[in-house]
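Sharing a model prediction with you, sequence too.
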Amino acid sequence: MWEDVEMPGVSRVIRVVVVDDQPLIRAGIALLVSAEEDIAIVAEAADGQGALIQAGDQRPDVLLMDVRMPGTDGVKATRAVIEGGLTAQSGQPVRVIILTTYHIDEAVYAALRAGASGFLLKDAAPTEIVAAIRAVAAGEAWLDPTVTRQLIDEFAARPAQHTPTPAQMAQLTPREREVLILLAQGLSNTEVAGQLFISEATVKTHLAHVMAKLSVREKTQAVIAAYQTWLVQPRPGD
């Protein structure tokens, strides 16, 4: 059983629940992640239903969740967490990172549309998994760097019914468009703030307005919308 432990000298510990139907994968990820002083595994679950129970009990910052599991899969569990407005002990929304063995398929698209903050391949480098958890816990999006271009191309090539309308895009102010474009190009909130000479809090405010106007819940969805509507176009060689 995992215990909540306060780490001396660490201002805030990121609370993580690992969800996967394969015990060895859960154990491996848990062992890797728990070695970090600022990250703590507070629970594990073998399926989506277990994830929802643990998320409600533990109120973690991040759910690291397999997309394919028997019973309630990762897509359904993600949708339930996001639509339920579940919050972490920190008061921030619980974030979901989807784990997948495959590079890109319908399940990954569905999870991102449901509100996941990003996804990782299960064979990602240990440093990448840790970086993804930290980024998502801080409110950033995380898309596996090895397949981001493929994801963007696919979304742009076949926009779905939830694609923002021209009227919704027209609601964005010039500054909101500027912020969204930079975020879609891969900059973090901090980097956008530095480039535009504004505070990070102002960036977050603009992003909140963008998400409200585009009727999306997560930063990842706003970034995808920027590509779907051709506000940003993939650059050759990216």
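Yep, that arrived.

Show me the helices in the protein, by range?
Along the chain, the stretches classed as helices by DSSP state H are 23-33, 48-58, 74-83, 106-114, 126-137, 148-157, 166-170, 174-184, 189-196, 200-214, 219-228.

quick one, the first one and helix 126-137 angle?
The one in question is helix 23-33. 80 degrees (axes from the mean of the first three to the mean of the last three Cα atoms, to 10 degrees).

who does helix 23-33 touch, helix- and strand-wise?
strand 14-19, strand 39-45, strand 62-66, helix 126-137 (3 or more Cβ pairs under 8 Å, 6 or more residues apart in numbering; DSSP states H and E). All C-beta spots, glycine's among them, are computed from the backbone N, C-alpha and C.

tell me, which of those is the model least confident about?
Comparing mean pLDDT across the helices and strands packed on helix 23-33, the lowest value falls on helix 126-137: a mean of 91.

buried sites along it?
Neighbour counts over helix 126-137 (16 or more other Cβ atoms under 10 Å) mark 128-130, 132-137 as buried.

tilt between that helix and strand 14-19?
Using the same axes, to 10 degrees: helix 126-137 against strand 14-19 is 110 degrees.

quick one, helix 126-137 and helix 219-228 angle?
Using the same axes, to 10 degrees: helix 126-137 against helix 219-228 is 100 degrees.

CA atoms only for helix 126-137, dumped as PDB, please.
Provided in PDB are the C-alpha atoms of helix 126-137 (Å, rounded to 0.1, in the frame of the first residue of the first chain):
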ATOM      1  CA  PRO A 126      12.200   7.600 -17.700                       C
ATOM      2  CA  THR A 127      13.200  11.200 -17.800                       C
ATOM      3  CA  GLU A 128      10.300  11.900 -20.200                       C
ATOM      4  CA  ILE A 129       7.700  10.300 -18.000                       C
ATOM      5  CA  VAL A 130       8.900  12.400 -15.000                       C
ATOM      6  CA  ALA A 131       8.900  15.500 -17.100                       C
ATOM      7  CA  ALA A 132       5.400  14.800 -18.400                       C
ATOM      8  CA  ILE A 133       4.100  14.400 -14.900                       C
ATOM      9  CA  ARG A 134       5.700  17.700 -13.700                       C
ATOM     10  CA  ALA A 135       4.500  19.600 -16.800                       C
ATOM     11  CA  VAL A 136       0.900  18.400 -16.600                       C
ATOM     12  CA  ALA A 137       0.700  19.000 -12.900                       C
END
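
who does it touch, helix- and strand-wise?
strand 14-19, helix 23-33, strand 39-45, strand 62-66, strand 95-100, strand 118-121, strand 142-143.

Describe which strands the fourth one pairs with in its sheet and in which direction.
According to DSSP bridges, strand 62-66 forms sheet pairs with strand 14-19 (parallel), strand 95-100 (parallel).

re the thing from before, adding distance to Gln195 and mean neighbour count, write the helices and strands packed on helix 126-137 out as TSV.
Shown next, in TSV, are those (distance: least, Cβ to Cβ, whole Å; neighbours: other Cβ atoms under 10 Å):
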stretch	distance to Gln195	mean neighbour count
strand 14-19	27	26
helix 23-33	31	15
strand 39-45	29	22
strand 62-66	27	27
strand 95-100	24	26
strand 118-121	22	23
strand 142-143	20	23
